[in-house]
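A.B. asks: quick one: sequence and predicted model below, then my questions.
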Amino acid sequence: MSKIKLQKSNCIFFAPLHFCANKLVSQNFAFVWILFCLVLLANCKNETVNQSKFAPTREITDDLGRRVRLPERVTSAVSLAPNLTEITFAVGAGERLVGVTSFCDYPEEAKRIRRIGDTLTPNIENIIALKPQIVLVSTASQMENFTRTIDAQNIAYFVTNPNSLDDIYKTIYQIGEIFGTSDKAYQVVAELKKRVADVEARTASAADVKVFVQIDKNSLYTVGKESFMTDLIARAGGESLTKDVATAYPKISKETALALNPERIILSESDNNLEPNEVFANSPAMKKNKVFRIEADLLSRPGPRIVDGLERLARALHPESFE
């Protein structure tokens with residue numbers, strides 16, 4: 001009898017549960033089946049992790065000289081600056097942005113991307129929740145407060161720091177390389193260079209004029225040695241009166257401003273910067289009505305639209321060259 005029972009058990013073990021005549025065998029079968037499924041799922045999960053671990057990666061160097069490791073194809077990114085958002089769209093990768101700042105308002109499509117705070121104080125929890133493969137950063141100072149948190153989450157970040165028009169070209173190339181759209185990036189830069197060359201050719205024979213760029217009326221912030229705006233002024237046929245002042249955007253005293261005596265005043269147009277500071281009342285620029293307002297975004301964002309700003313700047317300084 002034992003032999004017959006053993007044969008029945010063997011047969012029942014491989015049969016569907018509702019055919020089991022022995023309750024104990026059914027329970028054993030269910031237990032083994034569940035264990036089998038758990039092992040299978042664990043193996044699948046481990047295989048996925050291993051595949052992710054050994055997925056192809058590459059490295060790219062940012063403006064701080066850091067080697068940033070990225071996957072072969074970047075499909076999700078967060079931009080912490082309007083210029084980087086504009087560049088990403090320009091190189092054909094705008095749809096890969098999953099988060100941008102509240103100031104990222106160009107192009108129109110950027111307004112539909114999730115906000116992660118403003119440029120200076122982005123919400124780190126929001127960034128982490130989006131699980132980007134990379135965070136695009138405009139300057140090193142932006143990362144000082146949360147670099148360690150980003151590192152702890154194994155989120156790569158790429159820092160840019162353009163101080164000239166050539167540096168802006170470089171940033172466009174870098175963003176194109178990050179997203180694998182280098183061909184488009186080179187096309188964008190080639191078109192920008194063509195427009196810049198036209199401006200330089202038109203203003204080449206014009207005498208340089210002394211320029212003061214006013215960023216804020218009351219505090220007298222301006223552009224200094226490390227600002228790309230200083231380079232733009234030179235290419236437009238001007239000379240920034242604060243070109244040798246340390247840092248990118250220094251604040252000068254009224255006494256210093258009075259001594260500058262500018263021939264042209266450029267206002268980076270914003271709500272708090274619609275008129276020149278009263279200290280310039282007797283300057284040649286005010287006496288000859290040579291005060292020009294240029295949209296702030298075109299002068300402050302080191303991206304593709306900076307050449308729009310250059311063209312307007314050159315027309316303001318040397319209108320005769322564009323007749």
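C.D. replies: Here it is on my side, so go on. Numbers count the residues shown, from 1 in each chain.
A.B. asks: secondary structure element holding the most centrally placed residue in the chain?
C.D. replies: For the chain, residue 84 is the residue whose C-alpha lies nearest the centre (CA atoms, centre = their mean; 2.9 Å). Under the criterion of DSSP states H and E, residue 84 resides in helix 82-90.
A.B. asks: go on, residue 293?
C.D. replies: Secondary-structure assignment from DSSP H and E places residue 293 in strand 291-295.
A.B. asks: what's in contact with that strand?
C.D. replies: Around strand 291-295, the neighbours that count as contacts under CB atoms under 8 Å, 6 or more residues apart in numbering are 264-269, 274, 276, 285, 309, 312-313, 316. (C-beta placed from N, C-alpha, C; glycine too.)
A.B. asks: among these, which ones are in helices?
C.D. replies: Among these, the residues falling in helices (DSSP state H) are 285, 309, 312-313, 316.
A.B. asks: now the two most distant members of those.
C.D. replies: 285 and 309 (18.9 Å; CB to CB).
A.B. asks: can you give the strand pairings for the strand holding residue 293, parallel or anti for each?
C.D. replies: strand 264-269 (parallel) (DSSP bridges).
A.B. asks: give me the buried positions along the strand it pairs with.
C.D. replies: Within strand 264-269, the residues that qualify as buried are 264-268, counting by 16 or more other CB atoms under 10 Å.
A.B. asks: now do stretch 271-286
C.D. replies: The neighbour-count check on stretch 271-286 (16+ other CB under 10 Å) flags 273, 276-277, 279-280, 283, 285 as buried.
A.B. asks: just checking, what packs against the helix holding residue 84?
C.D. replies: Secondary-structure packing of helix 82-90 (3 or more CB pairs under 8 Å, 6 or more residues apart in numbering; DSSP states H and E): strand 77-79, strand 134-137, helix 165-179.
A.B. asks: buried deepest among the ones you listed, which one?
C.D. replies: Compared across these, strand 77-79 shows the largest average neighbour count, a mean of 28 (mean count of other CB atoms under 10 Å).
A.B. asks: packing partners of it?
C.D. replies: For strand 77-79, the contact count by 3+ CB pairs under 8 Å, 6+ apart identifies helix 82-90, strand 97-99, strand 134-137 as packing neighbours.
A.B. asks: would you turn these into CSV with distance to residue 257?
C.D. replies: Rendered in CSV, the data for those read as follows (distance: least, CB to CB, whole Å):
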stretch, distance to residue 257
helix 82-90, 28
strand 97-99, 40
strand 134-137, 32
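A.B. asks: of those, which is nearest residue 215?
C.D. replies: Among the helices and strands packed on strand 77-79, helix 82-90 sits nearest to residue 215 (CB to CB), with 16.0 Å.
A.B. asks: I'm done for today, thanks for sticking with me.
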